[in-house]
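1. Could you look at this predicted model? Sequence included:
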Amino acid sequence: MEPILYIVVPCYNEEEVLAETTKRLTAKLNAMIKGNVVSSESRIMYVNDGSKDRTWEIINDFYKSNEFVTGVNLSRNRGHQNALLAGLMTAKEYADIVISMDADLQDDIEVLDKFVEEYKNGSEIVYGVRSSRKKDTFFKKHTALAFYKIMEKMGVEIVYNHADYRLMSKRAIEELAGYKEVNLFLRGIIPMIGFKTSTVEYERDKRFAGESKYPLKKMIAFAIDGITSCSIKPIRLITTFGFLIFLISMLLLIYVVIGYFLGNTVAGWPTLMVLMCFFGGFQIMSIGVVGEYVGKIYMETKERPRFIIADKIVK
Ligand code: UDP
Ligand code: MG
């Protein structure tokens, strides 16, 4: 018996790409079914993340005309990560394995077979890893690299050059369901699940049509969320830094007391100003970092639902 594969695709204002994506994924699924790679009950599952355009209507049309297309409609826009989670949690009810990918065909669908092959070799999670960033803009390439470096330094375990193109077995998704956090950073959480994992390399293309839904502002917010939801290293760094400053100030104190007895008490205004500005800024920043975590705790204690499903069309 071949495994039932569900391809989960979060969509936010993707009316321009859905027709092409559906066409290519249908062809690919057909080929995989013919080649006895996956079961004929395999499906594409679009998750409409509160799009403001015709995305959901288009998904409905495909649902009627294409036997592979199924859909989940969220009650409003909840962001890529939550939409993805909604898709995974829904798909696990029907599928043996789920592969998540973007709607814009940036992830090369020709490697879908390799994902399934790795699963058949015993992996519960297979990460799609980009082999190069040749097709990225200079800006995207360098901000992305900085992102991985900072994450690593901050103690978040993520797979290098892996976005959200991955296969997860039903079992792995069931374990993922146990991670209840509302500050969702899937790339940081999924490696925590464990099991046997492997990677598949692929070439990432340009967006097929439309604009990126991840402008710089969202990318920075995503990076901060990623760090603060997976690591307390920033707070630890501040504590260490504070302790070092405390030691230095002790030495300064001795210096000042000796100076006082030697009679040089007036000089030092520039030093004073510099130190004042430095510590003022540093303290405000530190309060900000701590506040970031307090905010996270606040959001977590509410335990609000991470997504609400308005409609579900499956067969
Ligand atoms: N997306 C989503 N909700 C959002 C933003 C994006 O579901 O609020 C989806 C989007 O439709 C796409 C995927 O997340 O399928 C990745 O977005 P995009 O391709 O714009 O990001 P980039 O590839 O530029 O990082
Ligand atoms: Mg994209």
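-> Done, it's in. Being a predicted model, the structure only gives us computed values, none of them experimental. Numbering: from 1, shown residues only. Ligands and ions are numbered 1, 2, ... in the order given.
2. which residue sits closest to the residue of the stretch 151-300 of the chain found nearest ligand 2, ignoring its sequence neighbours?
-> As assessed by Cβ to the ion, ligand 2 sits closest to R207 within the stretch 151-300 of the chain, at 5.0 Å. From N, CA and C alone the C-beta is placed, and that goes for glycine too. With Cβ to Cβ, 6 or more residues apart in numbering as the criterion, R207 has its nearest non-adjacent residue at 4.5 Å, and that residue is D104.
3. Checking the one you found next. Helix, strand or coil?
-> For D104, the assignment made with DSSP: H, G, I helix; E, B strand; the rest coil gives coil.
4. burial count for it?
-> 23 (other Cβ atoms under 10 Å).
5. I245 too?
-> 15.
6. now do G155
-> G155 has 13 nearby residues by other Cβ under 10 Å.
7. Report pLDDT for it.
-> Listed pLDDT for G155 reads 80.
8. How about stretch 268-287, which residues are buried there?
-> S286 (16 or more other Cβ atoms under 10 Å).
9. Show me which residues of the stretch 51-200 of the chain sit near ligand 1.
-> 77, 79-80, 83, 102-104, 106 (Cβ under 6 Å from any ligand atom).
10. Residues of this structure that sit close to ligand 2?
-> Residues of the chain lying close to ligand 2 by Cβ under 5 Å from the ion are 102, 104, 106.
11. let's see 6 Å
-> Applying Cβ under 6 Å from the ion, we find that the chain lies next to ligand 2 at 102, 104, 106, 207, 212.
12. and these, which are buried?
-> 102, 104, 106.
13. wait, what's in contact with the second one?
-> With contacts defined as Cβ atoms under 8 Å, 6 or more residues apart in numbering, D104 is in contact with 14, 17, 21, 207-210.
14. Now with 6 Å, please.
-> D104 makes contact with 17, 207-208 under the criterion Cβ atoms under 6 Å, 6 or more residues apart in numbering.
15. Which residue, other than its chain neighbours, is closest to V47?
-> G87 (4.1 Å).
16. quick one: contacts for the one you found?
-> Counting by Cβ under 6 Å, 6+ apart, G87 has contacts 8, 45, 47.
17. about what we covered before: on the three-state scheme, the residue of the stretch 151-300 of the chain closest to ligand 2 is what?
-> R207 - assigned by three-state DSSP - is coil.
18. A86 now?
-> helix.
19. Burial check on it, number of neighbours?
-> For A86, using other Cβ under 10 Å, the count is 26.
20. Quick one: residues contacting the closest residue to it other than its chain neighbours.
-> Excluding the flanking residues, the one nearest A86 by Cβ to Cβ, 6+ apart is F307, at 4.1 Å. Listed by Cβ under 6 Å, 6+ apart, the contact set of F307 reads 74, 78, 82, 86.
21. Got the confidence number for the last one?
-> This points to A86. Reported pLDDT for A86: 96.
22. what do you get for the one 5 residues further on?
-> Confidence per residue is given as pLDDT, and for A91 that number is 96.
23. Ok, I125 next?
-> 95.
24. give me the beta-bridge partners of it?
-> M168, T197 (DSSP bridges).
25. Contacts only, for it.
-> By Cβ under 6 Å, 6+ apart, the neighbours of I125 are 168, 172, 197.
26. can I get these in a markdown table with pLDDT?
-> Shown next, in a markdown table, are the contacts of I125 (pLDDT from 0 to 100):
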| residue | pLDDT |
| --- | --- |
| M168 | 96 |
| A172 | 95 |
| T197 | 92 |
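27. Can you redo those as a markdown table, where the extra columns are distance to F139 and neighbour count?
-> Shown next, in a markdown table, are those (distance: Cβ to Cβ, whole Å; neighbours: other Cβ atoms under 10 Å):
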| residue | distance to F139 | neighbour count |
| --- | --- | --- |
| M168 | 31 | 31 |
| A172 | 34 | 24 |
| T197 | 31 | 19 |
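28. From E2, how far out is M32?
-> 9 Å (Cβ to Cβ, to the nearest Å).
29. any common contacting residues for those two?
-> V38.
30. Would you map the helices across the stretch 1-150 of the chain?
-> Ranges of helices within the stretch 1-150 of the chain are 18-34, 55-65, 80-91, 112-120, 138-153, based on DSSP state H, counting those that start in this stretch.
31. mean confidence score for the longest helix that the chain contains?
-> Counting by DSSP state H, the longest helix found in the chain is helix 269-302. On average, the pLDDT along helix 269-302 is 79.
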